[in-house]
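1. take a look and give me a structure for this.
(one chain, ligands or ions: 2)
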Amino acid sequence: MHYDLTVIIPTFNEEENIEKMVVTVDAICKAHDITEEILVVDDSSCDSTITNVKKLMADYPFLRLIIRTRNPGLSPSLYEGIINAKADLVQCIDCDFSHPPEKIPVFYHILKNEGYDMVIGSRYVKGGEVINWPILRMVLSSGAALLSRLLIPHVKDSGSGFFAINRHILAGTLLSPRGFRMGFEILGKAHWTRVREIPIVFKDREFGQSKLKGRIIYDFLIQCGSILHYNLIARKSNNIIRAWKLFLHG
Ligand SMILES: Nc1nc2c(ncn2[C@@H]2O[C@H](COP(=O)(O)OP(=O)(O)OP(=O)(O)O)[C@@H](O)[C@H]2O)c(=O)[nH]1
Ligand SMILES: [Mg+2]
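-> Ligands and ions are numbered 1, 2, ... in the order given. The predicted structure follows:
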């Protein structure tokens, strides 16, 4: 079976959202003639997320489930999903409707028809917005975005979990995913040439609990160190220099 796109949905205890998310993603892809695979990557949820996905699989044969038992975490889950995707073009989207699924065809069109390697749903470009976020979340996210821009300055929202890539950019890379910022890991280490940000309106989750923990700040700082090391000491990539050139010269 040929798939145009693999949509990866990472889950941990998303019983209130998963069914609606799968149905919504499928309806949007069908309406735009995109033959999609939906890949749920679950970190051994203890609610009924896994049961709900298994039930849905009877009606959605293109729905797959990976149940992880080791190395839990959002970025490691997304990486496992990307490696196991059946399509070359891959879309990552949170399960809690913070990311607008109706934008998926826009990401797909830009990757497929405009030759970009990576498309990022950005809260921090013109037209992008965050709705209903507690002030602390806003401060932490903006701080991380600023720090990320010291390394990858031409991208404003490298921490967005709503992104799509052409998997060819991962060939020959050695990623070490941790924390919540998988897109930043790809920007720091993979072989991208053309990256585009499109504005999104990010809404706080309505159902279910946040999985964000204080450790995420520690993970982010280690990730910055890892990207710096990969580029400047191990010299396995020159993405930081390329990103600065793009930022300074357009
Ligand atoms: N597989 C897996 N998925 C996770 C993990 N942590 C979070 N997720 C999923 O990743 C997505 C984003 O997690 P959220 O808890 O919504 O994180 P957030 O959007 O930064 O925070 P809130 O929206 O405020 O809850 C959701 O689909 C979660 O179910 C994890 O450890 N493993
Ligand atoms: Mg969320």
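
2. who touches Ala171 in this structure?
-> Listed by CB atoms under 8 Å, 6 or more residues apart in numbering, the contact set of Ala171 reads His191. Heads up, the C-betas are built off the backbone N, CA and C, glycines and all.

3. now with 6 Å, please.
-> With contacts defined as CB atoms under 6 Å, 6 or more residues apart in numbering, Ala171 has no neighbours.

4. how far away is it from Arg123?
-> Look at Ala171 and Arg123: by CB to CB, to the nearest Å, they are 29 Å apart.

5. likewise Lys54?
-> Using CB to CB, we find Lys54 at a distance of 34 Å from Arg123.

6. now Ser77
-> For Ser77, the distance to Arg123 (CB to CB) stands at 22 Å.

7. which single residue of the chain ends up nearest ligand 1?
-> Ser210 (2.9 Å; CB to the nearest ligand atom).

8. tally of neighbours for that residue?
-> 10 (other CB atoms under 10 Å).

9. from here on, call the first residue 46.
-> In the new numbering, first residue 46, that becomes Ser255.

10. so is it in a helix, a strand, or just coil?
-> Under DSSP: H, G, I helix; E, B strand; the rest coil, the three-state class of Ser255 is coil.

11. what pLDDT does it get?
-> Note on Ser255: pLDDT of 71.

12. OK, contacts around it?
-> Contacts for Ser255 were tallied using CB under 6 Å, 6+ apart; there are none.

13. please report how far the spatially most central residue of the chain lies from ligand 2.
-> Central residue of the chain (CA atoms, centre = their mean): Gly206, 3.5 Å from the mean position. According to CB to the ion, to the nearest Å, Gly206 stands 8 Å off from ligand 2.
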